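Engineer: sequence and predicted model, in that order:
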Amino acid sequence: MSPTLDADAVRAVASDRLELGEGLRLLDDGTVVLVDILAGHLLRLAPQAQPDHPLELITRLREPLGAVAPLGPPDAGQWLAAVGTGFARLTTDAGSGAGGALTWLAHPAAGTGPRRRMNDAVCDPSGRMWGGSMAYDNTEGAGCLFRVDLDGTVTEVVTGLTVPNGPAFTADGTTMYLADSARGEIDVFDVDPHTGNPFGRRPFARLSPDEGSPDGMVIDALGRLWCALWGGFEVRCFAPDATVLASVPVPAAQPTSVCLTGQRLLVTSATVGLAHPGPLDGAVLDIPCTAPPVPTPRAVLTQSG
């Protein structure tokens, strides 16, 4: 079934124009958070945000911040973060905007070879975080997808990626979608929800360069996959069989991530690499949309500390 939305009513929800906005997440209390990756900023979208007011700064880090998931209630200031070259617990002081405290789990993207950083990341329904790494210079095949298990162990699960984005999981945790933006590919995997092991990788969608590159994604409560198309001025909605149900134009060249709230489709975008950004490049965009959302699962860590 095609979604109901009004692309003509698109607007910016705040005055910010982000360098590399990403990681939009609807939390289970209705809060929406996002990141500006290269700036290391964790931001909150206020319920009554206004186009002439900035986003709320939760914290700023000195390292690139790919994405976060809450550890416990969203207002507790405890997060699991894909940050810098790995994964860490992030403790923030609500409302201060000061630098957060990081307690590192691992630095799997550090080491020899091209300089790398963490990119997009999300938790599956069991609370495991899955996050991708990439080279700063987009070296072919230098990226990986890692999984943080409930005991804090970090495992490399997919190799040979270039610019991994997503993943996105079905509500039962048995299916995972993963994009490699540089290759224009979205693949789908089966996942053992008990062990977290992915298997049965197969193509889901292949995009030509003129369509844009698949970037951040989310699955709605009806199992439809929504994906931002970097360079394509578009968000695309796919059925589980990969049929395109909707192509939603957006007034930003580089849409990067998507989030559904039940009343609207939110889209981050980026100015990085644009010689002459347009007025809404880098904005967080709001499009009326009634697609039913699935809140981002909380991260779970059973280890202490």
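Structural biologist: Cool, the structure landed.
Engineer: over to the closest residue to residue 5 other than its chain neighbours: give its phi and psi.
Structural biologist: Counting by CB to CB, 6 or more residues apart in numbering, residue 5 lies nearest to residue 289, which is 3.8 Å off, once chain neighbours are set aside. Glycine gets a C-beta too; all of them are placed from N, C-alpha and C. Per-residue torsions, residue 289: phi -160, psi 130 (degrees, to the nearest 10).
Engineer: and the gap between residue 289 and residue 195?
Structural biologist: Distance of residue 289 to residue 195, given as CB to CB, to the nearest Å: 35 Å.
Engineer: comparing the two, which residue is more hemmed in?
Structural biologist: Counted by other CB atoms under 10 Å, residue 289 and residue 195 do not tie: residue 289 has more neighbours, with 26 against 10.
Engineer: any figure for the gap between the more buried one and residue 4?
Structural biologist: For residue 289, the distance to residue 4 - CB to CB - is 7 Å.
Engineer: can you show me the strands along the stretch 151-300 of the chain?
Structural biologist: Using DSSP state E, counting those that start in this stretch, the strands of the stretch 151-300 of the chain run over 154-161, 164-169, 175-180, 185-191, 198-206, 213-219, 225-230, 234-238, 244-249, 255-260, 264-269, 285-288.
Engineer: need those in TSV with mean pLDDT, mean neighbour count and distance to residue 302, can you?
Structural biologist: Compiled in TSV, the strands of the stretch 151-300 of the chain are given as follows (pLDDT from 0 to 100; neighbours: other CB atoms under 10 Å; distance: least, CB to CB, whole Å):
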stretch	mean pLDDT	mean neighbour count	distance to residue 302
strand 154-161	98	16	14
strand 164-169	98	27	20
strand 175-180	98	25	22
strand 185-191	99	21	20
strand 198-206	98	14	21
strand 213-219	98	26	26
strand 225-230	99	27	30
strand 234-238	98	23	35
strand 244-249	97	16	39
strand 255-260	98	27	28
strand 264-269	98	27	32
strand 285-288	97	20	37
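Engineer: distance to residue 130 added to these, as CSV?
Structural biologist: Formatted as CSV, the strands of the stretch 151-300 of the chain follow (distance: least, CB to CB, whole Å):
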stretch, distance to residue 130
strand 154-161, 8
strand 164-169, 5
strand 175-180, 8
strand 185-191, 10
strand 198-206, 9
strand 213-219, 12
strand 225-230, 16
strand 234-238, 20
strand 244-249, 25
strand 255-260, 15
strand 264-269, 19
strand 285-288, 26
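Engineer: among these, which comes closest to residue 11?
Structural biologist: Nearest to residue 11 among those is strand 285-288; the distance by CB to CB comes to 5.4 Å.
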